[in-house]
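> Build me a structure from this.
(one chain, ligands or ions: 2)
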Amino acid sequence: MHADLFAELNDAQQLPEGASFLPGFALPFVGELARALEQITQQAPFRKMITPGGNQMSVAMTNCGDFGWISSRNGYEYLGQDPVTGHPWPSMPDVFMALALDAAAKAGYPFFAPDACLINRYEPGSRLSLHQDKNEHDFSQPIVSVSLGLPATFEFGGKKRRDPVRLISVQHGDVLVWGGPSRLFYHGVRTLRAGVHPDLGAQRINLTFRRSH
Ligand code: MD6
Ligand code: FE
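Numbering: from 1, shown residues only. Ligands and ions are numbered 1, 2, ... in the order given. Predicted structure coming up:
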(Lines give C-alpha, C1' and ligand atoms only; values in the text may rest on other atoms or scores of the structure.)
(Ligands and ions follow the chains in the order given, each with its own letter.)
Protein backbone atom coordinates (compact mmCIF):
# COMPACT_ATOMS: atom_id res chain seq x y z
CA MET A 1 0.00 0.00 0.00
CA HIS A 2 1.20 3.53 -0.76
CA ALA A 3 2.80 5.44 2.12
CA ASP A 4 0.42 8.45 1.83
CA LEU A 5 -2.60 6.25 1.94
CA PHE A 6 -1.17 4.63 5.03
CA ALA A 7 -0.52 8.02 6.60
CA GLU A 8 -4.21 8.78 6.13
CA LEU A 9 -5.22 5.41 7.52
CA ASN A 10 -2.94 5.89 10.51
CA ASP A 11 -4.56 9.26 11.21
CA ALA A 12 -8.10 8.29 10.53
CA GLN A 13 -8.12 5.13 12.59
CA GLN A 14 -8.67 5.84 16.21
CA LEU A 15 -6.44 3.53 18.17
CA PRO A 16 -8.11 1.69 21.03
CA GLU A 17 -8.23 3.39 24.41
CA GLY A 18 -4.83 3.23 26.11
CA ALA A 19 -2.83 3.06 22.87
CA SER A 20 -0.93 5.89 21.18
CA PHE A 21 0.95 6.15 17.91
CA LEU A 22 3.85 8.63 18.00
CA PRO A 23 5.19 8.97 14.44
CA GLY A 24 8.88 9.92 14.29
CA PHE A 25 9.17 10.24 18.07
CA ALA A 26 12.43 8.21 18.15
CA LEU A 27 14.15 10.06 15.29
CA PRO A 28 16.26 12.33 17.56
CA PHE A 29 17.55 9.18 19.32
CA VAL A 30 18.33 6.89 16.36
CA GLY A 31 22.06 7.58 15.95
CA GLU A 32 22.78 6.80 19.58
CA LEU A 33 20.30 3.90 19.59
CA ALA A 34 22.08 2.24 16.67
CA ARG A 35 25.48 2.53 18.35
CA ALA A 36 24.14 1.11 21.62
CA LEU A 37 22.43 -1.71 19.73
CA GLU A 38 25.74 -2.76 18.21
CA GLN A 39 27.29 -3.09 21.68
CA ILE A 40 24.35 -5.16 22.87
CA THR A 41 24.37 -7.58 19.97
CA GLN A 42 28.11 -8.15 20.37
CA GLN A 43 27.45 -9.39 23.92
CA ALA A 44 24.09 -11.08 23.31
CA PRO A 45 23.82 -12.05 19.63
CA PHE A 46 20.55 -12.23 17.72
CA ARG A 47 19.17 -15.76 17.58
CA LYS A 48 16.07 -17.38 16.13
CA MET A 49 14.24 -18.98 19.03
CA ILE A 50 12.16 -22.15 18.96
CA THR A 51 8.43 -21.96 19.73
CA PRO A 52 6.85 -24.30 22.27
CA GLY A 53 5.37 -26.11 19.24
CA GLY A 54 8.87 -26.84 17.93
CA ASN A 55 9.11 -24.36 15.04
CA GLN A 56 11.91 -21.86 14.53
CA MET A 57 10.72 -18.25 14.59
CA SER A 58 11.49 -16.18 11.45
CA VAL A 59 12.27 -13.13 13.62
CA ALA A 60 15.68 -13.11 15.34
CA MET A 61 15.70 -11.82 18.93
CA THR A 62 17.89 -10.69 21.79
CA ASN A 63 17.34 -8.61 24.94
CA CYS A 64 18.81 -6.03 27.25
CA GLY A 65 17.85 -5.02 30.76
CA ASP A 66 17.46 -6.96 34.01
CA PHE A 67 15.30 -9.59 32.30
CA GLY A 68 14.98 -10.95 28.79
CA TRP A 69 12.05 -12.67 27.09
CA ILE A 70 12.73 -16.07 25.61
CA SER A 71 10.83 -18.80 23.83
CA SER A 72 11.82 -22.45 23.89
CA ARG A 73 10.31 -25.94 23.80
CA ASN A 74 9.39 -25.30 27.45
CA GLY A 75 7.29 -22.20 26.75
CA TYR A 76 7.76 -18.46 27.09
CA GLU A 77 9.47 -16.84 30.06
CA TYR A 78 11.58 -13.97 31.31
CA LEU A 79 15.12 -14.89 32.40
CA GLY A 80 17.83 -12.87 34.15
CA GLN A 81 20.51 -14.64 32.11
CA ASP A 82 20.98 -15.19 28.42
CA PRO A 83 20.74 -18.97 27.91
CA VAL A 84 23.08 -18.74 24.89
CA THR A 85 25.98 -17.06 26.71
CA GLY A 86 25.20 -17.97 30.34
CA HIS A 87 25.75 -14.32 31.28
CA PRO A 88 23.29 -11.66 32.43
CA TRP A 89 21.69 -9.75 29.56
CA PRO A 90 23.50 -6.51 28.65
CA SER A 91 22.23 -3.67 30.81
CA MET A 92 19.74 -1.22 29.36
CA PRO A 93 21.67 1.68 27.77
CA ASP A 94 20.77 5.16 29.05
CA VAL A 95 19.55 6.22 25.60
CA PHE A 96 17.12 3.25 25.51
CA MET A 97 15.76 4.13 28.93
CA ALA A 98 15.47 7.84 28.11
CA LEU A 99 13.51 7.16 24.93
CA ALA A 100 11.20 4.65 26.63
CA LEU A 101 10.40 7.00 29.51
CA ASP A 102 9.86 10.05 27.25
CA ALA A 103 7.53 8.13 24.93
CA ALA A 104 5.54 6.60 27.79
CA ALA A 105 5.11 10.00 29.44
CA LYS A 106 4.03 11.55 26.14
CA ALA A 107 1.39 8.81 25.84
CA GLY A 108 0.07 9.42 29.35
CA TYR A 109 2.09 6.88 31.33
CA PRO A 110 4.45 9.00 33.47
CA PHE A 111 5.42 6.17 35.85
CA PHE A 112 6.77 3.61 33.38
CA ALA A 113 9.73 1.66 34.82
CA PRO A 114 10.84 -0.91 32.24
CA ASP A 115 13.10 -3.76 33.37
CA ALA A 116 13.26 -5.55 30.01
CA CYS A 117 13.76 -4.65 26.36
CA LEU A 118 13.11 -7.30 23.74
CA ILE A 119 14.94 -6.57 20.50
CA ASN A 120 13.47 -8.09 17.33
CA ARG A 121 15.22 -8.28 13.96
CA TYR A 122 13.10 -8.85 10.84
CA GLU A 123 14.63 -9.68 7.49
CA PRO A 124 12.50 -9.64 4.33
CA GLY A 125 10.15 -12.61 4.65
CA SER A 126 10.07 -12.52 8.48
CA ARG A 127 6.72 -12.15 10.21
CA LEU A 128 5.24 -12.33 13.69
CA SER A 129 1.83 -13.94 13.95
CA LEU A 130 -0.96 -12.54 16.11
CA HIS A 131 -0.19 -12.88 19.81
CA GLN A 132 -0.79 -11.26 23.19
CA ASP A 133 2.04 -10.00 25.42
CA LYS A 134 1.05 -11.76 28.61
CA ASN A 135 4.21 -13.22 30.13
CA GLU A 136 4.82 -10.10 32.23
CA HIS A 137 3.85 -10.10 35.91
CA ASP A 138 2.61 -6.54 35.75
CA PHE A 139 -0.07 -5.54 33.24
CA SER A 140 -0.61 -2.16 34.90
CA GLN A 141 2.38 -0.81 32.98
CA PRO A 142 2.29 -0.14 29.24
CA ILE A 143 4.56 -1.39 26.48
CA VAL A 144 6.67 1.00 24.42
CA SER A 145 7.52 -0.24 20.94
CA VAL A 146 10.11 1.46 18.70
CA SER A 147 10.42 0.73 14.97
CA LEU A 148 13.74 1.19 13.13
CA GLY A 149 14.82 0.43 9.58
CA LEU A 150 12.51 -0.96 6.91
CA PRO A 151 8.79 -0.14 7.17
CA ALA A 152 6.34 -2.83 8.21
CA THR A 153 2.61 -3.37 8.54
CA PHE A 154 1.61 -3.77 12.15
CA GLU A 155 -1.68 -5.53 12.89
CA PHE A 156 -3.54 -4.34 15.94
CA GLY A 157 -6.49 -6.52 16.92
CA GLY A 158 -8.64 -6.79 20.00
CA LYS A 159 -9.21 -8.88 23.11
CA LYS A 160 -9.93 -12.01 21.10
CA ARG A 161 -7.78 -13.58 18.41
CA ARG A 162 -10.62 -13.41 15.88
CA ASP A 163 -11.39 -9.72 16.46
CA PRO A 164 -10.82 -7.56 13.37
CA VAL A 165 -7.36 -5.99 13.04
CA ARG A 166 -6.43 -2.39 12.25
CA LEU A 167 -3.36 -1.97 10.08
CA ILE A 168 -0.70 0.53 11.08
CA SER A 169 2.26 1.33 8.84
CA VAL A 170 5.26 1.58 11.15
CA GLN A 171 8.29 3.41 9.78
CA HIS A 172 11.81 4.19 10.94
CA GLY A 173 11.58 6.21 14.16
CA ASP A 174 7.90 5.56 14.90
CA VAL A 175 6.83 4.65 18.42
CA LEU A 176 3.72 2.80 19.57
CA VAL A 177 2.72 2.85 23.21
CA TRP A 178 -0.04 0.71 24.57
CA GLY A 179 -1.43 -0.13 27.92
CA GLY A 180 -4.51 0.23 30.07
CA PRO A 181 -7.61 -1.30 28.48
CA SER A 182 -5.68 -2.43 25.37
CA ARG A 183 -2.66 -3.90 27.18
CA LEU A 184 -3.61 -7.49 26.33
CA PHE A 185 -4.88 -6.95 22.79
CA TYR A 186 -3.75 -9.27 20.02
CA HIS A 187 -1.18 -7.90 17.59
CA GLY A 188 1.37 -9.03 15.02
CA VAL A 189 3.59 -7.96 12.14
CA ARG A 190 2.91 -8.89 8.51
CA THR A 191 5.60 -10.44 6.33
CA LEU A 192 8.40 -7.90 5.83
CA ARG A 193 8.75 -6.76 2.23
CA ALA A 194 12.15 -6.64 0.54
CA GLY A 195 13.98 -3.33 0.69
CA VAL A 196 17.09 -1.55 1.88
CA HIS A 197 16.94 1.15 4.52
CA PRO A 198 19.60 3.88 4.13
CA ASP A 199 20.79 3.60 7.76
CA LEU A 200 19.96 0.04 8.75
CA GLY A 201 20.12 -1.94 5.51
CA ALA A 202 17.82 -4.83 4.63
CA GLN A 203 16.16 -5.24 8.00
CA ARG A 204 13.65 -3.90 10.46
CA ILE A 205 14.57 -3.64 14.14
CA ASN A 206 11.90 -3.36 16.81
CA LEU A 207 12.55 -2.55 20.46
CA THR A 208 9.79 -3.38 22.94
CA PHE A 209 10.18 -2.13 26.47
CA ARG A 210 8.20 -3.80 29.23
CA ARG A 211 7.93 -4.10 32.98
CA SER A 212 8.31 -7.85 33.35
CA HIS A 213 8.51 -8.26 37.15
C1 MD6 B 1 7.23 -5.76 16.40
N2 MD6 B 1 6.10 -6.05 18.42
O3 MD6 B 1 6.72 -4.66 16.24
C4 MD6 B 1 6.66 -6.74 17.37
N5 MD6 B 1 4.19 -6.24 21.36
O6 MD6 B 1 8.20 -6.14 15.77
C7 MD6 B 1 5.32 -6.60 19.34
O8 MD6 B 1 5.03 -7.77 19.38
C9 MD6 B 1 4.75 -5.71 20.32
O10 MD6 B 1 5.37 -3.81 19.08
C11 MD6 B 1 3.60 -5.45 22.27
C12 MD6 B 1 3.61 -4.09 22.15
C13 MD6 B 1 4.21 -3.53 21.09
C14 MD6 B 1 4.79 -4.34 20.14
FE1 FE C 1 4.01 -8.35 21.16
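
> where do the strands sit along the protein?
Listed in chain order, the strands of the chain (DSSP state E) span 19-22, 60-65, 68-72, 75-79, 116-122, 128-131, 143-149, 152-156, 166-170, 175-178, 187-189, 204-210.

> For those strands, give me CSV that also has distance to Ala105 and mean neighbour count.
(Each C-beta comes from the backbone N, C-alpha and C, glycine too.) Below are these laid out as CSV (distance: least, CB to CB, whole Å; neighbours: other CB atoms under 10 Å):
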stretch, distance to Ala105, mean neighbour count
strand 19-22, 11, 20
strand 60-65, 19, 24
strand 68-72, 24, 20
strand 75-79, 24, 15
strand 116-122, 17, 23
strand 128-131, 27, 15
strand 143-149, 10, 26
strand 152-156, 22, 21
strand 166-170, 20, 19
strand 175-178, 10, 26
strand 187-189, 22, 20
strand 204-210, 13, 23
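
> Let me have those in JSON lines, adding distance to ligand 1 and mean pLDDT as columns.
Output for those, formatted as JSON lines (distance: least, CB to the nearest ligand atom, whole Å; pLDDT from 0 to 100):
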{"stretch": "strand 19-22", "distance to ligand 1": "9", "mean pLDDT": "96"}
{"stretch": "strand 60-65", "distance to ligand 1": "10", "mean pLDDT": "98"}
{"stretch": "strand 68-72", "distance to ligand 1": "10", "mean pLDDT": "98"}
{"stretch": "strand 75-79", "distance to ligand 1": "12", "mean pLDDT": "98"}
{"stretch": "strand 116-122", "distance to ligand 1": "4", "mean pLDDT": "98"}
{"stretch": "strand 128-131", "distance to ligand 1": "5", "mean pLDDT": "97"}
{"stretch": "strand 143-149", "distance to ligand 1": "3", "mean pLDDT": "98"}
{"stretch": "strand 152-156", "distance to ligand 1": "6", "mean pLDDT": "97"}
{"stretch": "strand 166-170", "distance to ligand 1": "7", "mean pLDDT": "96"}
{"stretch": "strand 175-178", "distance to ligand 1": "6", "mean pLDDT": "97"}
{"stretch": "strand 187-189", "distance to ligand 1": "5", "mean pLDDT": "98"}
{"stretch": "strand 204-210", "distance to ligand 1": "3", "mean pLDDT": "98"}
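
> Let's have the ones you listed in TSV, adding distance to Pro28.
Formatted as TSV, these follow (distance: least, CB to CB, whole Å):
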stretch	distance to Pro28
strand 19-22	12
strand 60-65	20
strand 68-72	27
strand 75-79	30
strand 116-122	18
strand 128-131	27
strand 143-149	12
strand 152-156	21
strand 166-170	18
strand 175-178	12
strand 187-189	24
strand 204-210	15
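
> Which one, of the ones you listed, ends up nearest to Gln39?
strand 60-65 (9.2 Å; CB to CB).

> So which other helices or strands are in contact with that closest one?
Judged by 3 or more CB pairs under 8 Å, 6 or more residues apart in numbering; DSSP states H and E, strand 60-65 is in contact with helix 30-43, strand 68-72, strand 116-122.

> so that strand versus strand 75-79, what angle?
Strand 60-65 and strand 75-79 are oriented at 30 degrees to each other (axes from the mean of the first three to the mean of the last three CA atoms, to 10 degrees).
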